[in-house]
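Student: pasting the structure only:
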């Protein structure tokens, strides 16, 4: 599993397509995988959240039900940023 590569892939996809898939994924993780909380935090409709999560799975070719994978992505992203608090 190459987490940094997956993060870069999402960053590149977001920049190229003017979308916020990485933010969506990280918010979903921080909201404890509760769709209602994630939707409220992102100010999006539930269907939009599910669409984005499905697209993220397609882009990363990884099941987002894998909590260890998501946690590793989240903390890897935080450690990549010098001034980001945990």
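Tutor: Looks like it came in fine. All of these numbers come straight from a predicted model, not from anything done at the bench.
Student: distance of residue 74 relative to residue 16?
Tutor: 22 Å (C-beta to C-beta, to the nearest Å). For the C-beta atoms, the positions are set from N, CA and C on the backbone; glycine is no exception.
Student: between the two, which one's more packed in?
Tutor: Higher neighbour count among residue 74 and residue 16: residue 74, with 17 against 8, using other C-beta atoms under 10 Å.
Student: phi, psi of the more buried one?
Tutor: Main-chain torsions, residue 74, degrees, to the nearest 10: phi -60, psi -50.
Student: so what's the nearest residue to it once chain neighbours are set aside up against?
Tutor: For residue 74, ignoring the flanking residues on the chain, the nearest one in space by C-beta to C-beta, 6 or more residues apart in numbering is residue 29 at 5.1 Å. With contact set as C-beta atoms under 8 Å, 6 or more residues apart in numbering, residue 29 has these partners: 70-71, 73-74.
Student: give the residue spans of this structure that score low on pLDDT.
Tutor: Low-confidence segments of the chain, defined by pLDDT under 70: 1-3, 81-86.
Student: list the contacts for the residue positioned nearest the centre of it?
Tutor: For the chain, the residue nearest the mean C-alpha position is residue 25 (1.9 Å; C-alpha atoms, centre = their mean). With C-beta under 8 Å, 6+ apart as the criterion, the residues that contact residue 25 are 10, 53, 56, 64, 70, 73.
Student: quick check: the two most widely separated of those?
Tutor: Maximum pairwise distance in the contacts of residue 25, criterion C-beta to C-beta, is 13.4 Å, between 53 and 73.
Student: which one's more surrounded, the two?
Tutor: residue 73 (24 against 18).
Student: how about stretch 53-68: buried residues?
Tutor: 53, 56, 60, 62, 64 (16 or more other C-beta atoms under 10 Å).
Student: what about residue 33, which SS state?
Tutor: With DSSP: H, G, I helix; E, B strand; the rest coil as the basis, the three-state label of residue 33 is coil.
Student: how about residue 62?
Tutor: coil.
Student: check contacts around it.
Tutor: By C-beta under 8 Å, 6+ apart, the residues touching residue 62 are 6, 69.
Student: one more: residue 19?
Tutor: Neighbour list for residue 19: 13, 52 [criterion: C-beta under 8 Å, 6+ apart].
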